[in-house]
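Visitor: Predicted model follows, preceded by the sequence.
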Amino acid sequence: MTVKNTIIILFAFLSFSVFGQEKGSEAGGPPKLSELLGFWKKVELPNEDKLNKSNPWPQKFQWFAFYENGKVYSMMSDQDSDYSAKDLKEIFATLPTDKTPNYKLDGQFLTIDNKDIKDYQELWGVNLFAVDINDFFKKGNLIMTLDDGNGNVIYYRLLQRIE
């Protein structure tokens, strides 16, 4: 499958998920909270530099944790590491909870706020793949699309669960 076809499939998937229904489709849909909780690593998308209109997080390697208490932790680096869930749990445990952003999952939308930054809020569309699409869109992967505040997607992030 070519990169062009893959991008077309991705856009079609996102369109159906965002404009279709809350329940999802055979290809996937919004994650349940239980499916979102845990540790994730960013997976590079083909032509990511051309696909993303903006890159607020320029470091290539990124790790995330969504906790049941509504906190979301992230870490970024220019170098890759093979962190386990245990490793990330230990790393994120050293960060102050009161300075950590909060998230809220509401259907296919995830909002992230940071109380330390006035009027800061990220609005993400989130979809969990229910089937393998190709070599990098795998069942269980989470695609996140960042909204610019005007309904336009400016950044795509593909995450793979870390066990």
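Guide: Received it, and whenever you're ready, just let me know what you need. Numbering: from 1, shown residues only.

Visitor: Only C-alpha atoms from now on, for both contacts and neighbour counts.
Guide: Fine.

Visitor: Could you check the pLDDT of Leu10?
Guide: pLDDT recorded at Leu10 is 49.

Visitor: Repeat that for Val131.
Guide: On pLDDT, Val131 comes in at 93.

Visitor: all helices of this structure, in order?
Guide: 3-19, 33-36, 48-51, 85-93 (DSSP state H).

Visitor: The ones you listed: lowest mean pLDDT?
Guide: Least confident of these, judged by mean pLDDT, is helix 3-19 with a mean of 44.

Visitor: Pass me the low-pLDDT residue ranges in the chain, would you?
Guide: In the predicted model, the chain carries pLDDT under 70 at residues 1-25.

Visitor: residue closest to the middle of the chain?
Guide: Met144 (3.8 Å; C-alpha atoms, centre = their mean).

Visitor: Which residues are in contact with Leu128?
Guide: Each residue near Leu128 by C-alpha atoms under 8 Å, 6 or more residues apart in numbering is listed here: 28-31, 139-143.

Visitor: can you redo those residues as TSV with distance to Trp124 and neighbour count?
Guide: Converted to TSV, the contacts of Leu128 look like this (distance: C-alpha to C-alpha, whole Å; neighbours: other C-alpha atoms under 10 Å):
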residue	distance to Trp124	neighbour count
Gly28	16	22
Gly29	14	26
Pro30	11	27
Pro31	13	24
Lys139	20	16
Gly140	18	19
Asn141	15	23
Leu142	12	27
Ile143	10	23
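
Visitor: how about those, which pair is most distant?
Guide: Using C-alpha to C-alpha, the two most remote members of these are Pro30 and Lys139, lying 13.1 Å apart.

Visitor: Val72 versus the nearest residue to Ala65 once chain neighbours are set aside, what's the distance?
Guide: Nearest non-adjacent residue to Ala65, counting by C-alpha to C-alpha, 6 or more residues apart in numbering: Phe39, 4.4 Å away. Computed as C-alpha to C-alpha, to the nearest Å, the Phe39 to Val72 distance reads 10 Å.
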